[in-house]
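Participant: Fold the following, please.
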Amino acid sequence: MKLKKIPISKPFFNNEEINEVRKVLQEGNLTNSSFGGGKRVRELESLLSNFVGSQYAVALNSGTSALHAALLSLGIGKGDEVLIPSFTFLATANAVFATGANPVFVDIKKSDYTIDPSDLEKKVTSRSKAVIPVHLYGHTVDMNTINEVASKHSLHVIEDACQSLGSTYNGKQTGSIGEIGCLSFYASKVLTSGEGGAIVTNSKELADRIRMIRNHGMLEGYDTRIFGLNLRMTEISAAIAKVQMRKLKRMLQIRRKNAMMLTKLLQDLEIDLPKEGDGSRYNWYLYTVAIENRDNVMKKLNSLGIGATVYYRMPVHRTPFYASSNASLPSTEWAAAHVLSLPVHPLLSANDIKYIASNFRKML
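Facilitator: As a prediction, this is how the structure comes out:
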């Protein structure tokens, strides 16, 4: 019998994306260095701001660029501290480091793997300037409490919503709840342009600064006014993302259907399954469980063609580059040793979900 191959993620593409890219190539306008960006970049930004519910959206070439530009727009720099979870992708910390500021690592809650507000408050110092809550796996951070702590200590709030486009918290889209929200359109995300990202905000001042930052700090021609880099999104990437935006609600519906089916098939097991908290609705970017003997289970699932994957085996504060932080993060360490993500992407069939569930049960 032919072995099934079920990857952890797969782009939801068809001829619509291909035709839109072909149009860009035929027109020959591959990118645009003007303040407002190219035609398709502007169209994508309009779709994003409408979906998220923000007044402004600025497209960039990656989620990492979005985080970096957000920090720069707020004047974060040398000597400042930015509070972040260690249980996240490296980009969250690297963007802070790139500004000259210092990342300060905060522990997470075991219940949903997002930043722990009580530990956050313990880590605030006179040098703290911002907090970056990460909606990891598409799970929503307790933003009401985060905003309360931030307000108390005069901290900027930059939402790392790179994994949570489509997740909502008390009816609001993630990315629209803090001062700035950062999105990613990397190949594995719920919406992809291959590489790409965006910032959403309700501040015209910040949006205008970010438009300059993404274009070497220029406003008109070679008139650099603030520090910036080439963080622009190409018209090709915007063309793909624009088509994906039209499919986003459908893709989210399928992910939810797959996740609910998987939960139904696994709910009698005595393991930690992902659960939406009160007021939260996940985009189901990843379906992440916590189990004992994780690595053996993953190895056996992989041998059956199931792309079960660990995000993140090595938390940021344990990587060689950041290991000097000496942070004490017990819940982060526990999660890194126990989490396992299972496929729920839109291209899975009902039989695929049953195959994943039945074999996962056997491995336990």
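Participant: quick one: contacts for residue 277?
Facilitator: Contact partners of residue 277, counting by C-beta atoms under 8 Å, 6 or more residues apart in numbering, are 111-112, 140. For every residue, glycine as well, the C-beta is placed using N, CA and C.
Participant: er, residue 244 actually
Facilitator: 12, 17, 185, 191-193, 251.
Participant: does it sit in a helix or strand, and which one?
Facilitator: helix 235-266 (DSSP states H and E).
Participant: Buried by neighbour count: which residues of that helix qualify?
Facilitator: Going by neighbour count (16 or more other C-beta atoms under 10 Å), the buried part of helix 235-266 is 235-245, 247-248, 251-252, 254-259, 261-263, 265-266.
Participant: what number of residues lie near residue 292?
Facilitator: If you count neighbours by other C-beta atoms under 10 Å, residue 292 ends up with 10.
Participant: And the pLDDT for it?
Facilitator: At residue 292, the pLDDT value in this model is 94.
Participant: how close does the nearest residue to it once chain neighbours are set aside get to residue 248?
Facilitator: The spatially closest residue to residue 292, leaving aside those adjacent along the chain, is residue 338, at 7.1 Å (C-beta to C-beta, 6 or more residues apart in numbering). Here the criterion is C-beta to C-beta, to the nearest Å. By it, residue 338 lies 31 Å from residue 248.
Participant: got it, and residue 214?
Facilitator: For residue 214 relative to residue 248 (C-beta to C-beta), the value is 23 Å.
Participant: now residue 292
Facilitator: Distance from residue 292 to residue 248, by C-beta to C-beta: 36 Å.
Participant: tell me the contacts of the closest residue in space to residue 23 that isn't next to it in sequence?
Facilitator: The shortest distance from residue 23 to any non-neighbouring residue, by C-beta to C-beta, 6+ apart, is to residue 239 (7.1 Å). Neighbour list for residue 239: 17, 20-21, 23-24, 40 [criterion: C-beta under 8 Å, 6+ apart].
Participant: can you do 6 Å?
Facilitator: Residue 239 makes contact with 20-21, 24, 40, according to C-beta atoms under 6 Å, 6 or more residues apart in numbering.
Participant: cool, residue 359 as well?
Facilitator: Residue 359 makes contacts with residue 304, as judged by C-beta under 6 Å, 6+ apart.
Participant: CA-only coordinates of stretch 32-47, as PDB, when you get a sec.
Facilitator: Output of stretch 32-47 as PDB, limited to C-alpha atoms (Å, rounded to 0.1, in the frame of the first residue of the first chain):
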ATOM      1  CA  ASN A  32       7.300  50.100  -6.800                       C
ATOM      2  CA  SER A  33       9.500  52.300  -4.600                       C
ATOM      3  CA  SER A  34       7.000  55.200  -4.200                       C
ATOM      4  CA  PHE A  35       5.800  56.100  -0.800                       C
ATOM      5  CA  GLY A  36       2.400  54.500  -1.400                       C
ATOM      6  CA  GLY A  37       3.700  51.400  -3.100                       C
ATOM      7  CA  GLY A  38       2.500  49.700  -6.300                       C
ATOM      8  CA  LYS A  39      -1.100  49.000  -7.400                       C
ATOM      9  CA  ARG A  40      -1.400  45.500  -6.000                       C
ATOM     10  CA  VAL A  41       0.400  46.400  -2.800                       C
ATOM     11  CA  ARG A  42      -2.200  49.200  -2.200                       C
ATOM     12  CA  GLU A  43      -5.100  46.800  -3.100                       C
ATOM     13  CA  LEU A  44      -3.700  44.200  -0.600                       C
ATOM     14  CA  GLU A  45      -3.400  46.900   2.100                       C
ATOM     15  CA  SER A  46      -7.000  47.900   1.600                       C
ATOM     16  CA  LEU A  47      -8.200  44.300   1.900                       C
END
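Participant: In the protein, where is pLDDT below threshold?
Facilitator: Applying pLDDT under 70 to the chain flags residues 1.
Participant: just the strands in the stretch 1-150 of the chain please.
Facilitator: Using DSSP state E, counting those that start in this stretch, the strands assigned to the stretch 1-150 of the chain run over residues 56-60, 81-85, 102-106, 128-131.
Participant: which residues of the stretch 201-350 of the chain fall in helices?
Facilitator: Using DSSP state H, counting those that start in this stretch, the helices of the stretch 201-350 of the chain run over residues 204-213, 235-266, 294-303, 330-338, 350-363.
Participant: quick one: buried residues of the fourth one?
Facilitator: Neighbour-count burial for helix 330-338, counted by 16+ other C-beta under 10 Å, picks out 331-333, 335-336, 338.
Participant: Put together TSV for those residues, with distance to residue 162 on each row.
Facilitator: Conversion of the buried residues of helix 330-338 to TSV gives the following (distance: C-beta to C-beta, whole Å):
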residue	distance to residue 162
331	21
332	18
333	23
335	18
336	19
338	23
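Participant: still on that earlier bit, would you mind measuring from the residue nearest to residue 292 to residue 87?
Facilitator: Counting by C-beta to C-beta - residue 338 and residue 87 are separated by 11 Å.
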